[in-house]
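K.L.:
Below is the sequence, then the predicted model.
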Amino acid sequence: MAEMSATDAKNKFGELLEMVRTEPVAIQKNGRIAAYVISPEQFQRLMADSNAPRVNPLVVKLHGESVKRWGKVYEALAK
């Protein structure tokens, strides 16, 4: 991963945009990473991954079976 200081990122913004096309760039300020700059394609992949279900598929399956088996009990308890 490429790194660039915040000052360089400001002064060489066009160069930063070119670098981001090939790999993420870490922006450092006061010796610490302050931000990451990524391409639109990488951002879209991150958003698609973040929308993926995070529940274990086995848990979903077992929950469905539980609702089928105990659905009437759940409904009665909800009243």
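P.N.:
Happy to help now that I have it.

K.L.:
and residue 72, what does it touch?
P.N.:
Residues counted as contacts of residue 72 (CB atoms under 8 Å, 6 or more residues apart in numbering): none. Just so you know, the C-beta spots here come from the backbone N, C-alpha and C atoms, and that holds for glycine as well.

K.L.:
Make 694 the starting number, not 1.
P.N.:
I'll keep to 694 as the first residue from here, and by that count the last item is residue 765.

K.L.:
tell me the SS of it?
P.N.:
helix (DSSP: H, G, I helix; E, B strand; the rest coil).

K.L.:
if I look at it, how far off is residue 771?
P.N.:
Distance, residue 765 to residue 771, using CB to CB, to the nearest Å: 11 Å.

K.L.:
just residue 719 next, same as before
P.N.:
Distance from residue 719 to residue 771, by CB to CB: 50 Å.
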